[in-house]
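**Q** Model the structure of this input:
(one chain, ligands or ions: 1)
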Amino acid sequence: MTPPRVSHRAGRIAAHRYADFPVGAGDMDLRGDGSPQLRVTAAVMQRTRPSPALTLGYGDVAGDWSLRNAVAELFGVDPGDVIVTTGASEALHLALACTTDPGTSILLPTPAFPGFAQLARLLGLHPTWYPVPGVLPHRNAGEPMLICSPHNPTGVVSPHAAPGDGWTIWDVSHTAFAPDDLAAIQRRLTATGVVVFSLSKLLRLPGIRVGCLITRNRAFADAAVTVKTHLSMSASRLSQHLAAEILADPATVPELAQRAQRIAADRDRIIDAVTSAQNLQLVAGAGTAGTHLLLQTLAGSDAAGQLRAAHIVGLPGTVFGGAADTARICFAQPVDVIDRAVKRLASL
Ligand SMILES: Cc1ncc(COP(=O)(O)O)c(C=O)c1O
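**A** Take a look at the predicted model:
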């Protein structure tokens, strides 16, 4: 008897892990966020004693009100517009599932966070790719579109309004903690706008897996909550509790604001170093916001390989569906790492 095989669609899904790009002795790890945890996290973890009743049972599928309220305050929206998810990854899955049908088209950026292409494939969608950096594309009436801003891997920021009609999924997971940037998210909440955000990324706790969907469209919100019941049910209540406690601590906002300022200053230092390098350049338009930069070799050679020769480990552009002469680095790093990275990049 022939053993059953895994489905074609599952078999076609690709996933990269950081371990695929190992860091050797003496190498600098710029694959992802290596910045220190917020100081407030340790204090909150010490004093937080969540009750078994709170953390061991199922919670509301749309999320616990303590966290929905805290997120609503952060973005200046109604708590009822916020659905808490298991990371931005689940928010993205729900957003795609509730705005598209199998076999339909969707406009997706390229290069981009790999989850966009892979989830679209899993859901049986037909992506039409639009380049970033570049002008946002026109769309056919009703065609859904995903916009990632600040964009991973380039750091490009998109206009606040999407062209044409149809659902727009705004993945703003890399928004910095700056009042103007957070307030701008409201402008994306039109009747057809859906915002995807990573709370655990913002709080520098990616392992607690808390994200959210924000929308003012009731039909979408109802569908997303129904679908979510069959995915994660409620996000981990312990994680939600921790995130809500951290957001409510008076020390959090100043620390997040300070972190955002430092990251912006470090971005400038890294951009200066790349600009002075002989063999590397920034991908045009890159580096306006976020924590990532996409670098390109001038000679068209393998960018990740060139960085590796200088003992810098980034991620090849191909991970994001981009070209091999590009590589992504993440500059959310401790200060001593930035100092060393600046010297090494400038020498390339
Ligand atoms: C643009 C973008 N969206 C979504 C995610 C997923 O975030 P999370 O870790 O909260 O699931 C990531 C993760 O890196 C990302 O870069």
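
**Q** if I pick the nearest residue to residue 278 once chain neighbours are set aside, what's in contact with it?
**A** Excluding the flanking residues, the one nearest residue 278 by Cβ to Cβ, 6 or more residues apart in numbering is residue 348, at 7.0 Å. Yep, even glycine has a C-beta here, placed from its N, CA and C like the rest. The contact partners of residue 348, taken as Cβ atoms under 8 Å, 6 or more residues apart in numbering, are 277-280, 306-307, 310.

**Q** And for residue 36?
**A** Residues near residue 36 by Cβ under 8 Å, 6+ apart: 204, 334.

**Q** any idea whether it is helix, strand or coil?
**A** coil (DSSP: H, G, I helix; E, B strand; the rest coil).

**Q** and if you look at residue 83?
**A** Following three-state DSSP, we place residue 83 in the strand state.

**Q** so it touches residue 60, yeah?
**A** No - counting by Cβ atoms under 8 Å, residue 83 sits too far from residue 60 to count as a contact (9.8 Å).

**Q** For the residue of the stretch 101-250 of the chain found nearest the ligand, name its beta-bridge partners.
**A** In the stretch 101-250 of the chain, the residue that lies nearest the ligand is residue 198 (3.3 Å; Cβ to the nearest ligand atom). For residue 198, the residues forming beta bridges with it (DSSP bridges) are residue 211.

**Q** was I right about it contacting residue 173?
**A** Yes - using Cβ under 8 Å, residue 198 is in contact with residue 173, at 4.0 Å.

**Q** joint contacts of these two?
**A** 88, 211.

**Q** Near the ligand, which residues of the stretch 51-200 of the chain are found?
**A** 87-89, 92, 113, 115, 148, 152, 171, 173, 198, 200 (Cβ under 6 Å from any ligand atom).

**Q** Counting only helices, which of those make the cut?
**A** 87-89, 92, 115, 200 (DSSP state H).

**Q** What is the neighbour count of residue 76?
**A** 11 (other Cβ atoms under 10 Å).

**Q** My error: substitute residue 159 in the last question.
**A** 11.

**Q** again, but for residue 231
**A** 14.

**Q** Pretty sure it sits against residue 91.
**A** No - assessed by Cβ under 8 Å, residue 231 is found out of contact with residue 91, at 10.7 Å.

**Q** what comes into contact with the lowest-mean-pLDDT helix or strand in the chain?
**A** Least confident element among the helices and strands of the chain, by mean pLDDT, DSSP states H and E: helix 179-184 (a mean of 82). Contacts of helix 179-184 with the rest of the structure, by Cβ under 8 Å, 6+ apart, involve 74-76, 160, 175, 289.

**Q** buried set for that helix?
**A** Across helix 179-184, burial judged by 16 or more other Cβ atoms under 10 Å covers 181-182, 184.

**Q** Same question for stretch 98-106.
**A** Here stretch 98-106 shows 98-100, 105-106 as buried, counting by 16+ other Cβ under 10 Å.

**Q** Just the CA trace of that stretch, in CSV.
**A** Extracted C-alpha coordinates of stretch 98-106, given in CSV (Å, rounded to 0.1, in the frame of the first residue of the first chain):
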residue,chain,number,x,y,z
CYS,A,98,-11.0,36.8,6.1
THR,A,99,-10.3,39.1,3.1
THR,A,100,-9.7,36.6,0.3
ASP,A,101,-11.1,33.4,-1.2
PRO,A,102,-9.1,30.5,-2.7
GLY,A,103,-8.1,31.2,-6.3
THR,A,104,-8.3,34.9,-6.0
SER,A,105,-5.5,37.4,-6.5
ILE,A,106,-3.8,39.6,-4.0
